[in-house]
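# Requesting a structural model of the entry that follows:
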Amino acid sequence: MIRSNFIIILVIGVLISIDIQQTSAQEITYPIGYHDFNEDAGFNFQMNRWLSMGYARYEDFMEVGPSIKSFDDWTKSMLVLAEKAEADKRLLNAAFYYRAAELFLFHEAESDQVNAPTKEQLYKKFIDVFYGAVESYDLEIIEVPYGETTIQSIRLKALNGKKKGSIVIHGGYDSYKEELFSMMIFFQQHGYDVITFESPWMGSSRNKKDMGFDIEWEKPVGAILDYFNLDNVTLIGISMGGWLSLRAAAFEPRIKRVVASSVSFDVNQYANKFGQAMARFMLNKLPRFTNKTMLKQMEKDLSYAWFANHLMYVTDKDIPIEAFKVLTTINEENLHSDLVTQDVLILTGEEDHMVPVKMHHMQMEALNNAQSLTGHIFTEKEHGQNHCQVGNLGLAFETILNWILIER
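Residues are numbered from 1 along each chain as shown. Model prediction:
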C-alpha cells in the first residue's frame, strides 16, 4: 500500500516560545518557524535546533546569534547563556546551552585558553544540569547489557498506566540520548511507553576506546528489545539514525513500524556521477595522497577540521581517510532496503542543507517490499523544510503519531 503524498491537516496556532520546565507535562509545545539568528548556515541550524526542541529561548539566541563569527565565539556565547540561565534557575535552558557550548569543541583537545573548559568537562556539566532539570519526571535510567559493555537508555512509561504501545527513538551518528527528551514526552503523553538509547560510541555508553561506528544497528536495537522484552515496536530514527533504523528493520522482525527522518540512503550518492567516481578513486587508489590533502585542509579550514576530528572520534579512527572510509559504508548496499517488510514512514525536508532531497525519492523507490510505504516532504509553507523538520517539530511529531494510529 503506497501513500506517496501523505498529508495530515493540522490547525497550527500562533508562534509560541516557552520553556518546557515552565509548563506541566501535558502542556509541552514547540515553537514554529525557522529564524535567522546567524548568517552561517551551520551555526544558525544549531540554534534553531535547540529552539525547536523546546530547550532554548528565542530572545537568548537573538541576543548572541548575530555576533558569532567563529567556533570560539560560539562556545563563549553559549557559556554566557548557560551560566545566566543556570543562575536564573532555568535549568533545561542551561543544560542545552552547555550542550551547545560543547558541540564545536574538538575531542581530546586541551584548551589553549586559561581556565577554558574542555569538551569532556562541558559534557559532564550538560549531563549534571539536565538531570537536575528533569528530576520531576519519571525517567528511568537503565544500563542495558551489550557485549562487554552497556548501552545507556532512558525509559518513560505511558501516563496513568494506559499504554497504547511501545516506541523506541534514537539518533545514531553523533547525538546524545538526552537530546530526545522532549520528543519522548510528546509520545508518552499520547499513551506510549517510550525508550531512547545512546549509540555505543557516544556519550555515557562509550566507555572503552574500541567503540567506533557500526552499521549493524540491528545489534544495539536487538539488545534493547531483548532487555525490555519488546515486540510489535515502532522504531523512530532521527538524522543518520534514519538510515540506521531502516537497516535495523531489515534484520529485526520485532520492529513492526519504522520512521526514518532525513534518511541518507547512500552518502556516496550525494554527489553526481563524476564526483562519486573521483571520490572512489581518491580513497581507494591514492590513499596516502588523499590523507595528506585532508590534513592540509584541516590546517586551513577550521570547519572542515572540526568535521574530520568528530568523524574520527565517532568512527574510532586515528587518521582522516580511515574515518571517511567508514562513512562511505552508509550506503545503498549495506542498507538492504529490499529486506524491509514493515510499515515505513519517510520524513524529509524540502530544503535540507545536510541531506539532498533526492535521497528521499531513491529511498522510497528502494523500499519495494515494505508492508506499506508513506512519504512526506515538508515544505517552507509548513515550516518543516529543514533537516529533521527543525522549524516545526510539533508538526513532524503529529505526523508520526497519526501515521502510527493508522498503521496499528
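
# wait, isn't Gly172 in contact with Arg247?
No: with contact defined as CB atoms under 8 Å, Gly172 does not count as touching Arg247 (9.6 Å). C-beta: built from backbone N, CA, C; applies to glycine.

# shared neighbours of those two, anything?
Common contacts of Gly172 and Arg247 (CB atoms under 8 Å, 6 or more residues apart in numbering): Trp217.

# Number of residues surrounding Asp214?
Residues contacting Asp214 under the criterion other CB atoms under 10 Å number 16.

# how deep is His376 tucked in, by neighbour count?
Count around His376 with other CB under 10 Å applied: 24.

# What ranges does the stretch 1-150 of the chain have for its strands?
Counting by DSSP state E, counting those that start in this stretch, the stretch 1-150 of the chain has strands at residues 2-3, 140-146, 149-156.

# For my notes, please list these in TSV and give mean neighbour count, distance to Ala308 and mean pLDDT for each entry.
Formatted as TSV, the strands of the stretch 1-150 of the chain follow (neighbours: other CB atoms under 10 Å; distance: least, CB to CB, whole Å; pLDDT from 0 to 100):
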stretch	mean neighbour count	distance to Ala308	mean pLDDT
strand 2-3	13	40	37
strand 140-146	14	28	94
strand 149-156	21	26	93
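
# so can I have JSON lines of these showing distance to Glu102?
JSON lines is the format used below for these (distance: least, CB to CB, whole Å):
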{"stretch": "strand 2-3", "distance to Glu102": "40"}
{"stretch": "strand 140-146", "distance to Glu102": "20"}
{"stretch": "strand 149-156", "distance to Glu102": "17"}
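
# Let me know which of the ones you listed is the nearest to Asn309.
strand 149-156 (23.2 Å; CB to CB).

# Paired strands for that closest one, with orientation please.
If you go by DSSP bridges, strand 149-156 pairs up with strand 140-146 (antiparallel), strand 192-197 (antiparallel).

# Extract the CA atoms of that strand and return them as PDB.
Extracted as PDB, the C-alpha positions of strand 149-156 are listed here (Å, rounded to 0.1, in the frame of the first residue of the first chain):
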ATOM      1  CA  THR A 149      29.800  -3.000  27.900                       C
ATOM      2  CA  THR A 150      26.300  -1.500  28.400                       C
ATOM      3  CA  ILE A 151      24.100   0.800  26.300                       C
ATOM      4  CA  GLN A 152      22.800   3.800  28.300                       C
ATOM      5  CA  SER A 153      19.000   4.100  27.900                       C
ATOM      6  CA  ILE A 154      16.100   6.200  29.200                       C
ATOM      7  CA  ARG A 155      12.500   4.900  29.600                       C
ATOM      8  CA  LEU A 156       9.300   6.900  30.100                       C
END
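
# contacting residues around it?
137-144, 177-178, 181, 184-185, 188, 193-198, 200, 203-205, 207-208, 211, 220, 223-224, 227-228.

# do that again at 7 Å, thanks
Here strand 149-156 makes contact (CB atoms under 7 Å, 6 or more residues apart in numbering) with 138-144, 177, 184, 188, 193-198, 200, 203-205, 207-208, 220, 223-224.

# buried subset of these?
Buried members of these, scored by 16 or more other CB atoms under 10 Å, are 139, 142, 144, 177, 184, 188, 193-198, 200, 203-205, 220, 223-224.

# what's the pLDDT at Asn20?
Wrong residue type there; residue 20 is Ile, not Asn. On the pLDDT scale, Ile20 is placed at 37.

# Leaving out the residues flanking it, which one is nearest to the residue nearest the centre of the chain?
Nearest residue to the geometric centre of the chain (CA atoms, centre = their mean): Gly171, 4.0 Å. Closest residue to Gly171 apart from its sequence neighbours, by CB to CB, 6 or more residues apart in numbering: Gly241 at 4.7 Å.

# what residues does the strand or helix carrying the one you found touch?
Applying DSSP states H and E as the criterion places Gly241 in helix 240-251. Here helix 240-251 makes contact (CB under 7 Å, 6+ apart) with 170-173, 215, 217-218, 221, 235-237, 255, 258, 260-265, 330, 335-337, 339-340, 342.

# Tell me who's in contact with the residue nearest to Thr75 when sequence neighbours are not counted.
In space, Thr75 comes closest to Ala101 once its chain neighbours are excluded; the distance is 5.0 Å by CB to CB, 6+ apart. Contacts for Ala101 (CB under 7 Å, 6+ apart) come out as 75, 78-79, 82, 122.

# okay, how far is it across stretch 357-375, tip to tip?
Start and end residues of stretch 357-375 are separated by 12 Å (CA to CA, to the nearest Å).

# Show the low-confidence segments of the stretch 1-150 of the chain, by residue range.
1-28, 109-114 (pLDDT under 70).

# Could you rerun that using 50?
By pLDDT under 50, the low-scoring segments of the stretch 1-150 of the chain are 1-27.

# Which stretches in the stretch 101-250 of the chain count as helices?
119-133, 181-188, 218-228, 240-251 (DSSP state H, counting those that start in this stretch).

# Distance from the last one to the middle of the chain?
It refers to helix 240-251. Relative to its chain's centre, helix 240-251 lies at 13 Å (CA atoms, centre = their mean, to the nearest Å).

# now the angle from it to helix 218-228?
Interaxial angle of helix 240-251 relative to helix 218-228 (axes from the mean of the first three to the mean of the last three CA atoms, to 10 degrees): 80 degrees.

# Near Leu395, how many other residues are there?
So Leu395, with other CB under 10 Å, has 20 neighbours.
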